[in-house]
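Participant: Sequence plus the predicted model coming up.
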Number of protein chains: 2
Amino acid sequence: MPRLRLALAQTNPIVGDLGGNSAEIVAAVRRARDAGADLVAFGEMALSGYPIEDLAGRPSFLAACRRRARGLAKELDEAGLGDVVVVVGHPDGPFEPRRFTTSNAPTAIAQNVASVMQNGEIKARYAKHHLPNYSVFDEYRIFIAGDELLVLRMRGVDVALIICEDLWQDGGPVNRVASADAGLLLVINASPYERDKNEVRLPLVTRRARENDTMVAYVNIVGGQDDLLFDGDSVVVDRTGAIVARAPQFVPHLLVVDIDPEAATLTDLPENVARIELALPATGSESGDLKPLAADIAVVPDELEQVWNALVLGLGDYVRKNGFGSVILGLSGGIDSAVCAVLAADAIGAKKVFGVSMPSKWSSGHSRSDADDLAERVGLDFSTQAIATLVDPIEEQLKLDGVAAENLQARIRGIILMGLSNQSGHLVLTTGNKSELAVGYSTIYGDSVGGFAPLKDVPKMLVWELARWRNSFAARRGETPRIPENSISKPPSAELRPDQTDQDSLPEYDVLDALLEQYINGGLGRDELVEYGFDAAVVDRIIGLVDHSEWKRRQSAIGTKISRTAFGRDRRLPITYHPTDI
Amino acid sequence: MPRLRLALAQTNPIVGDLGGNSAEIVAAVRRARDAGADLVAFGEMALSGYPIEDLAGRPSFLAACRRRARGLAKELDEAGLGDVVVVVGHPDGPFEPRRFTTSNAPTAIAQNVASVMQNGEIKARYAKHHLPNYSVFDEYRIFIAGDELLVLRMRGVDVALIICEDLWQDGGPVNRVASADAGLLLVINASPYERDKNEVRLPLVTRRARENDTMVAYVNIVGGQDDLLFDGDSVVVDRTGAIVARAPQFVPHLLVVDIDPEAATLTDLPENVARIELALPATGSESGDLKPLAADIAVVPDELEQVWNALVLGLGDYVRKNGFGSVILGLSGGIDSAVCAVLAADAIGAKKVFGVSMPSKWSSGHSRSDADDLAERVGLDFSTQAIATLVDPIEEQLKLDGVAAENLQARIRGIILMGLSNQSGHLVLTTGNKSELAVGYSTIYGDSVGGFAPLKDVPKMLVWELARWRNSFAARRGETPRIPENSISKPPSAELRPDQTDQDSLPEYDVLDALLEQYINGGLGRDELVEYGFDAAVVDRIIGLVDHSEWKRRQSAIGTKISRTAFGRDRRLPITYHPTDI
């Protein structure tokens, strides 16, 4: 059997940064070449970043992507890396709109492609066939579908090339892989992390290997892009679906592996399959002269560690990619702000995290001492800005009381954080969790202020789980647990009036989180929720809060998505609507 | 030739309010029946409102729509209106997802249909074929396409039925109308207003009439739905494309007209065409006994009046449909807040508009006197809240200066408006215009605070034009011009520091607006803009501001869309991106 040394380059691109992403690609190809690789594959849109959304409708952007792809092929050659076969994903265009329309409406002018580069040229190009158009994906809106499978014949092996969703959907290219008798199916991906994605992604790769009787190499990008988080987890499986190599999650990685796929035997091409021949230099990998590679099979951590790492990477990349040097957040002594502070410290270092305690006349003693304790444990910058003397004159001048007065306190805190942010350039973190956001249990322009909400997709019960996990993780490593026990154990409170607790206004969080899961992620209607076992009055109240607070969510800060349905951009509902049996 | 009395019911539905919309439909059918109509057609999604976005993915919502459609047919019959043929648009489902997918991703389970009701039953159903997936439309994402043209044979006339985009796209049902030899093409629509839409919509209707040698009846919904505004403008044209009847824009209307379409002659059905026979009672309209109808052909007002009416309706419907009784806004004495106040007074009445002057130590004398003058002219509630004593303690405690101190003033104003809103239930209006929003010339959580931004899609130059138009409109009617001349003529200023004007930071507004039009609506890239004639340095600076401020726009309030590309929901760009030749 022929032998190929394959490298899967799990890079962390920045959307639109063609120059920077390109330089990363050249560096990775150099490392792969130094490791003896014949073929290096990068993720979907590794050159441009993903998702590019409506940038795909700008002819000048597409032309720049095409120029950069050609330039990259030349640069690789000039850098002495021309004999390596390099597969890179990028947007291509502008093409003629896919259909005639009598309106002046914009239609798709781009394709989502994988370019195959060698010897200074783009030798072939595969255009994605299945364009996902659900959940966070808008590809059918912005791309023109391809309709041909591409096979690369190199060193006697047929390597079939597809992109991401093409692997998931039956029909289309993936069904031609078997008829093309490919030895290796190479899939380049931009597949976002979700909590239970591992339960479907790897089994799918395994199944496709068995269905097509072929090895499968699956390469994914890594890193945070707004609320999406790509986890890497690139993998190679053999014809039986057994894992041959696997990259770690949440970090850039170059996965290099020797594979011995079935030799190509097919002479006639099936319909809708294009094939090109690529000459590879005779190298050690073929003859076996090269030093054998150590097995590189990353172990997948347990789920809470995965979620923690996802949140850390999402937060860190948002800060870095947007050019911030530090973050600032309010520390209330409560669990949400404590977890946000530790996530931030893990992401960018405690010295770049600025915590501000903003006690009011209603703040408890423990709200200050717990915040102080946290700051000490984590080692972050800590300061105090009392708000009573700032709130009182406004409350008196405007004659505010009740909820209006409660909100005023939260808004003064928002003003303080934004003022310090504008003065010193910190990014403001919003500390609210998914359960709060869902029911609108927050003050618009108050605690909802901020550029990034690390917990926007983390329900309250999971916030507590993560806090306990992070503390025991520290303990296992002989470090001080980061989060004060009191912040975990005390009843949650907004402390906007005396003796207030969240449960004055909301059901117990275990009930609330379960109900939100079924209503929002599960899609159950009112009657189905009652049938499921939730109290009818609670269902009616929570549905009302969720639908009523939708307009607030649209204004809420971005944060890392870790579940199928986060609040914000992947949930599209009218702002104005009168729910009927929804 | 057979004669039909046709009624096009231009109603203003509320999304999700199946009960309320249904009652409107029954009332309109009753009025149509009283006027002798044989056939009454409502707009696309008139039963559910449009757009329903991801509500289309909720099985319980779809089931409720289907139940309500069946219930509506029964109610019409029970109300003695059963012999009228009624065509109503609504979502239908849930259906099996349109394709198998190995992921758990949601796929479309709904159709966008027109139900044909008579004698207590739904006699037939047409499912929309072309599902627009560009600009504000997400239909391909949420609906399953139909593939059959429906023809209703009534009183010897073949009436072909299609929905909205089916008229715009070549291919599909509209190409079968000629072969089906229909006497009347009935199109039900939810077609949003755009400034230049009249230049394409009516010519399209005319062209389809000529192409198919058939009369065309085009019925559109009316009213504001979040940032979309449906303008009605329902129309009937004869086989030559000449207008036979036309409803006014921006108001609900029942357009009743006698038509004499070609009699049906076709016996064999073309492929992909379904036909049903509907018995109509012999009425006066057939024999000519009914009193002839007065011609009902509305005159389209000039463009500035159209835009003004669109903004008034969009604002008024947002307030009403969201259950607010009043609005509050800051009055700076400048042009933007003055125009917003007059729009609000025109929309909901001056007595429900609360204007607040919030002078700082940098406010000019005219900022107070011009605001006062405006309030007097319009007759709105006017109060003053000085901010200096509220700003100073915060500025001192936080040691803010420069832009941070400027922003603080804007944020205190935001807090005042939100406090008064929470205390009294007013909706806060954001007064910023499209040019400001585009370049981020505003303070996040400051003057950007609010639930609805009437001018979010109105560039600054157009704000001035509208102000002059509204004043001359008043003068023509012998009323006091609403907007103080000084607010129109003085140089715009944020007044956040001494002697500040907008042009300290921005190019002249005529240049800025022209550049934004070409960059955002026109899609020109950097080099193309320079080639177009803009100064290269100005282009670079403005592109930087637009792309940098994208994240602010995502947080900006909703407002009525009047152009092809507004800021906000119809413009999807990554928040984090590094522009390259875009």
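Facilitator: Received it, and whenever you're ready, just let me know what you need. Because the structure is predicted, anything quoted here is derived from the model rather than measured. Residues are numbered from 1 along each chain as shown, chains lettered A, B, ... in the order given.
Participant: Can you tell me how far the residue in the stretch 1-150 of chain A that chain B sits nearest to is from residue A:109?
Facilitator: Using Cβ to the nearest Cβ, residue A:60 is the residue of the stretch 1-150 of chain A that sits closest to chain B, at 2.4 Å. For glycine as for every other residue, the C-beta is placed from the backbone atoms N, C-alpha and C. Separation of residue A:60 from residue A:109 (Cβ to Cβ, to the nearest Å) stands at 11 Å.
Participant: And for residue A:351?
Facilitator: Distance from residue A:351 to residue A:109, by Cβ to Cβ: 46 Å.
Participant: got it, and residue A:422?
Facilitator: Residue A:422 is 39 Å from residue A:109, by Cβ to Cβ.
Participant: Residue A:395 too?
Facilitator: 55 Å.
Participant: And those two? Which one has more around it.
Facilitator: residue A:109 (20 against 17; other Cβ atoms under 10 Å in any protein chain shown).
Participant: surely that one meets residue A:66?
Facilitator: No: taking contacts as Cβ atoms under 8 Å, residue A:109 lies outside contact range of residue A:66: 12.0 Å.
Participant: joint contacts of the two?
Facilitator: Residues touching both residue A:109 and residue A:66 (Cβ atoms under 8 Å, 6 or more residues apart in numbering or on different chains): residue A:93.
Participant: just to revisit the earlier point, doesn't residue B:528 make contact with the residue of the stretch 1-150 of chain A closest to chain B?
Facilitator: Yes: using Cβ under 8 Å, residue A:60 is in contact with residue B:528, at 6.6 Å.
Participant: So which residues on the stretch 251-400 of chain A come close to chain B?
Facilitator: Contact residues, the stretch 251-400 of chain A versus chain B (Cβ under 8 Å from any Cβ of the partner chain): A:317-318, A:321-322, A:385, A:389-390, A:393-394, A:397-400.
Participant: neighbour-wise, which of the residues you listed leads?
Facilitator: Going by other Cβ under 10 Å, residue A:318 tops those with 28 neighbours.
Participant: for that one, what are its contacts?
Facilitator: Contact analysis of residue A:318 by Cβ under 8 Å, 6+ apart lists A:224, A:226, A:427, A:451, A:452, A:558, A:560, B:576.
Participant: Check what pLDDT the first one gets.
Facilitator: As summarised for this prediction, residue A:224 has a pLDDT of 96.
Participant: any idea which helix or strand carries it?
Facilitator: strand A:222-225 (DSSP states H and E).
Participant: other SSEs contacting the following helix or strand past that strand?
Facilitator: Next helix or strand after strand A:222-225 toward the C-terminus (DSSP H and E): strand A:228-231. Under the contact definition 3 or more Cβ pairs under 8 Å, 6 or more residues apart in numbering or on different chains; DSSP states H and E, strand A:228-231 sits against strand A:222-225, helix A:303-321.
Participant: which of these sits most buried?
Facilitator: strand A:222-225 (a mean of 27; mean count of other Cβ atoms under 10 Å in any protein chain shown).
Participant: Not counting that one itself, show me its contacts.
Facilitator: With Cβ under 8 Å, 6+ apart, strand A:222-225 has contacts from A:10-13, A:15, A:49-51, A:229-232, A:249-253, A:313-318, A:321, A:560, B:574, B:576.
Participant: Mind doing that once more with 7 Å?
Facilitator: A:10, A:12, A:15, A:49-50, A:230-232, A:250-252, A:313-314, A:317-318, A:560, B:574, B:576 (Cβ atoms under 7 Å, 6 or more residues apart in numbering or on different chains).
Participant: Now list the buried members of these.
Facilitator: A:10, A:12, A:15, A:49-50, A:230-232, A:250, A:252, A:313-314, A:317-318, A:560, B:574, B:576 (16 or more other Cβ atoms under 10 Å in any protein chain shown).
Participant: how near is the most centrally placed residue in chain A to residue A:310?
Facilitator: Chain A has residue A:229 as the residue nearest its centroid, 1.0 Å off, counting by Cα atoms, centre = their mean. Per Cβ to Cβ, residue A:229 is found 5 Å from residue A:310.
Participant: again, but for residue A:447
Facilitator: Residue A:447 sits 23 Å away from residue A:310, taking Cβ to Cβ as the criterion.
Participant: can you check residue A:26 too?
Facilitator: Where residue A:310 is concerned, residue A:26 sits at a distance of 28 Å (Cβ to Cβ).
Participant: Ok, residue A:518 next?
Facilitator: Residue A:518 is 23 Å from residue A:310, by Cβ to Cβ.
Participant: likewise residue A:521?
Facilitator: 17 Å.
Participant: you'd agree residue A:251 is in a strand?
Facilitator: No: Residue A:251 sits outside any strand when classified using DSSP: H, G, I helix; E, B strand; the rest coil, being coil.
Participant: where does the stretch 401-550 of chain A come near chain B, residue by residue?
Facilitator: By Cβ under 7 Å from any Cβ of the partner chain, the part of the stretch 401-550 of chain A that sits against chain B consists of A:403-404, A:407-408, A:411, A:414-416, A:418-420, A:422-423, A:445, A:449, A:523, A:525-526, A:528.
Participant: Hmm, residue B:55 and residue A:525 touching each other?
Facilitator: No: contact criterion Cβ atoms under 7 Å: residue A:525 and residue B:55 do not qualify, at 11.1 Å.
Participant: between these two, which one's more packed in?
Facilitator: Using other Cβ under 10 Å, the more surrounded residue of residue A:525 and residue B:55 is residue B:55, with 26 against 21.
Participant: The more buried one: what secondary structure?
Facilitator: Secondary structure state of residue B:55, per three-state DSSP, is helix.
Participant: Could you do residue A:122 as well?
Facilitator: strand.
Participant: which residue sits closest to it, ignoring its sequence neighbours?
Facilitator: With sequence-adjacent residues excluded and distances taken as Cβ to Cβ, 6 or more residues apart in numbering or on different chains, residue A:122 is closest to residue A:115, at 4.8 Å.
Participant: did I read that right, residue A:341 in a strand?
Facilitator: No: Residue A:341 is assigned helix when assessed by three-state DSSP, not a strand.
Participant: Quick check: it touching residue A:381?
Facilitator: No: between residue A:341 and residue A:381 there is no contact under Cβ under 7 Å: 10.5 Å.
Participant: From what I see, residue A:97 and residue A:109 are in contact.
Facilitator: Yes: using Cβ under 7 Å, residue A:97 is in contact with residue A:109, at 5.8 Å.
Participant: So what pairs up with residue A:330 in the strands?
Facilitator: Note on residue A:330: beta-bridge partners by DSSP bridges are residue A:356.
Participant: Give me the distance between it and chain B.
Facilitator: Look at residue A:330 and chain B: by Cβ to the nearest Cβ, to the nearest Å, they are 14 Å apart.
Participant: isn't that residue right next to residue A:413, touching?
Facilitator: Yes: with contacts counted by Cβ under 7 Å, residue A:330 reaches residue A:413, the gap being 5.6 Å.
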